[in-house]
Each structure stands twice: as structure tokens, then as C-alpha cells.
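[1] Fold the following.
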Amino acid sequence: MALGFLYGVLACMIWGFVYLVPEVLPGYPPELMAAGRFVSFGLVAVPLAWMERREFAHYTVKDWIDVSKLGVIGNIAYYWCLIECIQNAGVPVAGMAMSAVPVLVAAVSNIRDKKKGTALAWSRLVPGLTLIVCGFALASMTEFEMVVQASADGGLKFWYGVMMAVAALLIWTWYPIRNADWLLAHPDRSPRAWSTAQGLTTFPFAVVMYFFFWGLEPDATPLLGYDPAWFVFVMVFSGLMGSWVGIVFWNAMSQRLPTALAGQMIVFETIFAVTYAHVLRMQWPAWNMLAGMALLLAGVNLSLKDFQAAKAKKVGTYEVMMGQNPVYIFAGTGKGEA
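    The predicted structure follows:
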């Protein structure tokens with residue numbers, strides 16, 4: 001479990017850098033930055049696919065359909081909704097909506113696990129989630145004030161943006177759960193190959209998306225914007241590190257942690273993104289931001305301890321799902337039997 005936790009932190013540490021892309025590419029439309037990232041992801045995946053050819057030989061048609069849905073919906077559709085939200089309702093709405101992802105993923109996963117008999121007791125799960133909710137609420141105080149003002153001024157355009165924020169939230173609640181389902185069902189499959197497969201299936205859609213949005217720009221706009229070399233460098237970095245490497249770590253985590261816990265790991269993405277942004281701006285975060293991040297860390301730490309305690313519990317028999325193979329921990333022994 002400790003290794004899975006480490007992989008999750010590393011994934012979020014990398015993804016935190018992606019939030020700096022608008023800061024280092026001022027003047028670029030967000031649609032081109034989002035599409036450019038996934039075009040780069042696809043270009044990185046193409047040569048890597050040769051390395052994974054033996055792994056891909058074992059993929060069924062259903063596997064390719066599953067990875068296509070994850071890649072297109074979890075990447076392209078998610079960013080489309082997020083961009084629409086930002087343009088119509090503003091960044092604060094998008095930030096507040098996505099802050100609900102860790103809680104929703106944990107709750108939905110635990111409900112699903114209950115049907116399998118592997119759920120964590122709600123009395124154990126709720127305290128950690130409560131700390132996470134309070135942490136996001138405290139850290140989002142300023143954003144909430146901005147959202148209230150925007151709702152009064154924005155009219156139908158604002159509420160369309162809110163609708164798209166809800167769509168993005170639902171997509172990124174679905175994505176980590178379905179992604180973990182496949183990885184847990186195939187513990188012998190490489191998380192690196194699964195990441196590469198998502199890049200391959202996302203690539204053609206990202207290319208279409210890029211040219212579509214570029215076509216909406218003024219006629220004089222160059223294909224790669226006003227600073228092509230810097231734009232390409234940032235896109236390659238975000239495609240290689242922010243997409244491929246980050247997803248590899250996330251997939252490795254998803255094979256090792258219960259989905260209800262893995263979903264909560266997303267809070268580290270927020271923490272790293274905020275930290276990087278303040279370092280870049282050479283500013284100290286406000287008191288409520290620091291206090292909110294402390295509560296987020298406390299919530300995830302509490303949940304981690306609860307899952308570890310549940311796994312080692314010596315009262316009755318506790319079943320831990322390892323892929324498709326249940327491992328039983330028997331009362332009074334602490335020893336497992338497959």
C-alpha cells in the first residue's frame with residue numbers, strides 16, 4: 001500500500017505542473033493548449049507503442065474499446081467541458097467543481113465495493129472525507145465569493161458554464177473508477193502499456209480538436225502561435241511528463257490501492273498545483289489556503305490509516321481484493337490465505 005501511495009503522490013506532483021501551462025504561455029487560447037497537450041501525448045505514445053508491441057498483442061478488441069473510451073472521454077471530453085466552463089463561468093467555478101472529485105470517487109467506489117463485500121465501513125471513511133471537504137471549503141473561500149458575484153452578472157452564459165463544470169466533474173468521477181476497474185481486473189498487465197494505449201487512441205481526436213480550434217482563430221494566427229519554439233517545448237513537456245509519465249504512475253497506483261482511497265489521492269494534485277503557482281509568482285499563499293491544504297493532507301492521511309487498519313483488522317474475516325483474487329485475513333492470526 002505504501003508503494004501505491006508513493007506512485008499516487010508522484011503522479012499528482014507531475015500533474016501539478018500542468019496547471020502552470022497557462023502561466024508560461026500567456027496569450028495562447030486555452031483550447032489550443034489543451035489540444036496541443038494531447039497531440040503531444042499521442043506523438044510520444046507512437047514510438048513507445050513499438051516497445052509495447054508484445055503487451056499489445058494480448059489486448060482484445062474489448063480492451064481497445066475500453067482504452068479508447070477512457071482516453072477520449074477522460075481526456076478530450078473532460079478538457080472540452082472544462083474549457084467551456086472556464087470561458088463561460090470562469091476559473092473559480094471550474095476549481096470548485098473539480099474539488100469535489102476526490103470525495104465523489106471515494107463515495108461511489110465504496111458503494112460499489114459494498115456490493116462486493118470489500119467496502120470500508122462508512123464510520124471509518126466519512127471522517128477523512130469530512131476533513132477533505134472542509135479543507136477544500138476553507139481553501140476556496142475567495143473563489144466562492146467570486147462565484148457568487150459571477151452568478152449575479154453572468155446570466156444564462158454563467159449557468160451554461162456551471163452545467164459544463166458538472167459534466168467535467170462527472171467525467172472525472174467516472175474516469176478513475178473505470179480505469180482502476182480495468183487495471184485491478186488485469187493485475188498482470190503493464191500500467192505503462194495502458195498509458196501508451198490511451199495516448200494512441202487519444203491522438204487522432206486531439207489532432208482534429210487542435211485544427212478545429214485553430215480554424216476559429218483570426219486568419220493571421222500562426223499554426224503554433226506567436227512563440228512556436230516555446231509552445232512546442234511546453235507541449236512536449238506536458239505531453240510526455242504531464243500525460244504519459246503521470247498516467248503511468250497513476251495506473252501503477254490504481255493497481256495497488258483500493259479505488260475509494262485512490263480517488264482521494266487527487267487532492268495532492270491541487271496541493272502541488274497551488275504550491276507551484278505561488279513559487280512561480282513568488283507569493284505566500286493566504287492563511288485560508290495554507291489551513292485548507294493542511295486539512296486536505298490530514299484527511300488523506302486519516303483515510304490511509306483507516307484502510308491500513310481495515311486490511312489488518314483481526315476481528316472476523318476481512319476480504320481484500322487483489323485483482324480478481326480475494327485474499328482473506330483471519331481473526332487473531334494476521335496471516336493471509338489466497
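[2] so where's the stretch 51-200 of the chain shaky on pLDDT?
    For the stretch 51-200 of the chain, applying pLDDT under 70 flags the ranges 90-93, 95, 115-119, 140, 142-155.
[3] Now do the helices in it.
    With DSSP state H, counting those that start in this stretch as the criterion, the stretch 51-200 of the chain has helices at 53-56, 61-71, 78-89, 91-98, 101-116, 122-139, 141-185, 191-215.
[4] Turn these into TSV, including mean neighbour count.
    For every residue, glycine as well, the C-beta is placed using N, CA and C. Listed next are those as TSV, based on neighbours: other Cβ atoms under 10 Å:
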stretch	mean neighbour count
helix 53-56	13
helix 61-71	16
helix 78-89	21
helix 91-98	21
helix 101-116	19
helix 122-139	19
helix 141-185	17
helix 191-215	20
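[5] Do I have it right that residue 180 meets residue 265?
    No. Between residue 180 and residue 265 there is no contact under Cβ atoms under 8 Å: 11.2 Å.
[6] Determine the residues that are contacts of both of those two.
    Taking Cβ atoms under 8 Å, 6 or more residues apart in numbering as the criterion, residue 180 and residue 265 do not both touch any residue.
[7] Distance to residue 30 added to the helices of the stretch 51-200 of the chain, as a markdown table?
    Formatted as a markdown table, the helices of the stretch 51-200 of the chain follow (distance: least, Cβ to Cβ, whole Å):
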| stretch | distance to residue 30 |
| --- | --- |
| helix 53-56 | 33 |
| helix 61-71 | 20 |
| helix 78-89 | 5 |
| helix 91-98 | 10 |
| helix 101-116 | 20 |
| helix 122-139 | 23 |
| helix 141-185 | 13 |
| helix 191-215 | 9 |
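[8] quick one: which of these is nearest residue 12?
    With Cβ to Cβ, the closest approach to residue 12 among the helices of the stretch 51-200 of the chain belongs to helix 101-116: 10.7 Å.
[9] orientation of the closest one relative to helix 122-139 in degrees?
    Calculated by axes from the mean of the first three to the mean of the last three Cα atoms, to 10 degrees, helix 101-116 forms an angle of 170 degrees with helix 122-139.
[10] outside of helix 101-116, which residues touch it?
    By Cβ under 8 Å, 6+ apart, the residues outside helix 101-116 that reach it are 119-120, 122, 125, 129, 132-133, 169, 172-173, 176-177, 180, 258-267, 303, 321.
[11] Need the pLDDT of the spatially most central residue of the chain.
    Nearest residue to the geometric centre of the chain (Cα atoms, centre = their mean): residue 266, 6.0 Å. At residue 266, the model reports a pLDDT of 80.
[12] how about it, phi and psi?
    Torsion angles at residue 266 (phi, psi; degrees, to the nearest 10) stand at phi -60, psi -20.
[13] now swap in the one 5 residues further on and tell me
    Backbone torsions for residue 271, taken as degrees, to the nearest 10, come to phi -60, psi -50.
[14] Would you confirm that it contacts residue 293?
    Yes. At 5.2 Å, residue 271 and residue 293 qualify as touching, with contact defined as Cβ under 8 Å.
[15] Low-confidence stretches in the stretch 201-338 of the chain?
    220, 306, 308-338.
[16] redo that, cut-off 90
    Counting by pLDDT under 90, the stretch 201-338 of the chain shows low-confidence ranges at 209, 213-226, 238-244, 246-248, 250-338.
[17] Let me see the ranges of the helices in it.
    For the stretch 201-338 of the chain, the helices defined by DSSP H, counting those that start in this stretch cover 228-237, 246-254, 259-262, 267-281, 287-311.
[18] Most tightly packed of the ones you listed?
    Of the helices of the stretch 201-338 of the chain, the one with the most neighbours on average (mean count of other Cβ atoms under 10 Å) is helix 259-262, at a mean of 26.
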